[in-house]
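S.K.: got a structure for you, letters missing:
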Ligand SMILES: Cc1cc2nc3c(=O)[nH]c(=O)nc-3n(C[C@H](O)[C@H](O)[C@H](O)COP(=O)(O)O)c2cc1C
């Protein structure tokens with residue numbers, strides 16, 4: 001067995017997201033973000049395809065995207081509640097990173113494995129931010145899954161889609177513990 005890393009293990013056993021609506025400025029500066037993104041870019045990736053990339057969204061950019069959420073919501077007949085709910089994190093978030101899944105053509109690596117890796121990159125970034133002491137939250141919402149919105153907002157290529165938006169900022173309150181799965185319900189020992 002290798003050398004244990006108790007602190008890392010303790011972090012993983014205690015980790016907890018901080019709801020985006022409780023996050024305020026400042027968010028991490030560029031050097032800090034580069035550190036967090038470097039950690040996220042160590043995500044397992046079958047075949048070294050790098051099936052993800054990151055777009056750093058400043059508070060100002062989020063505000064512009066919030067306007068686009070409203071425009072798109074109206075265009076597709078969303079009701080005002082759905083629009084307001086989806087817009088909230090764009091309006092209040094101190095910053096965010098859009099994690100994009102980038103499907104690479106491969107005879108060997110199935111598309112679904114590239115999708116899994118993109119999800120893992122989201123968690124890696126979330127955990128790096130939390131471990132660094134930031135509040136952070138992985139959100140989607142209908143705009144993340146709306147092709148027209150994401151093409152316009154993130155200038156996606158055909159082979160790209162949004163895996164998640166990771167909001168990162170200063171936490172203002174610690175959320176209560178969230179109930180966690182009952183291990184015997186989800187684990188089979190063979
Ligand atoms: C792909 C994905 C999308 C999510 N989108 C949202 C969302 O749009 N709104 C929301 O309230 N929670 C969303 N969540 C849930 C939160 O990010 C988070 O999982 C939950 O608050 C518990 O986090 P924790 O286990 O880190 O404490 C999403 C989670 C995942 C994995």
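M.R.: Perfect, thanks for sending it. What you are looking at is a predicted structure, and each value in this text was computed from that prediction instead of being measured. Numbering: from 1, shown residues only.

S.K.: Up against the ligand, what does this protein have?
M.R.: Contact residues, the chain versus the ligand (Cβ under 6 Å from any ligand atom): 16, 17, 137, 138, 139, 140, 141, 164, 178. Where you see a C-beta, it was placed from the backbone N, CA and C, and this is true even at glycine.

S.K.: Distance of residue 83 relative to residue 145?
M.R.: 15 Å (Cβ to Cβ, to the nearest Å).

S.K.: Which residue is the nearest non-sequential neighbour of the residue of the chain found nearest the ligand?
M.R.: For the chain, the residue closest to the ligand is residue 17, as judged by Cβ to the nearest ligand atom, at 3.2 Å. Nearest residue to residue 17 in three dimensions, chain neighbours excluded: residue 137, at 4.8 Å (Cβ to Cβ, 6 or more residues apart in numbering).

S.K.: again, but for residue 25
M.R.: Nearest to residue 25 is residue 94, by Cβ to Cβ, 6+ apart, at 4.2 Å.

S.K.: hang on, that neighbour is in a helix, isn't it?
M.R.: No - using DSSP: H, G, I helix; E, B strand; the rest coil, the assignment for residue 94 is coil, not a helix.

S.K.: Please give me every residue in contact with it.
M.R.: Counting by Cβ atoms under 8 Å, 6 or more residues apart in numbering, residue 94 makes contact with 23, 24, 25, 26, 27, 59, 167, 168, 169, 170.

S.K.: Find the residue closest to the last one in space, skipping its chain neighbours.
M.R.: The shortest distance from residue 170 to any residue other than its chain neighbours is 5.2 Å, reached at residue 24 (Cβ to Cβ, 6+ apart).

S.K.: and if you look at residue 39?
M.R.: Nearest to residue 39 is residue 128, by Cβ to Cβ, 6+ apart, at 3.8 Å.

S.K.: Okay then, goodbye and thanks.
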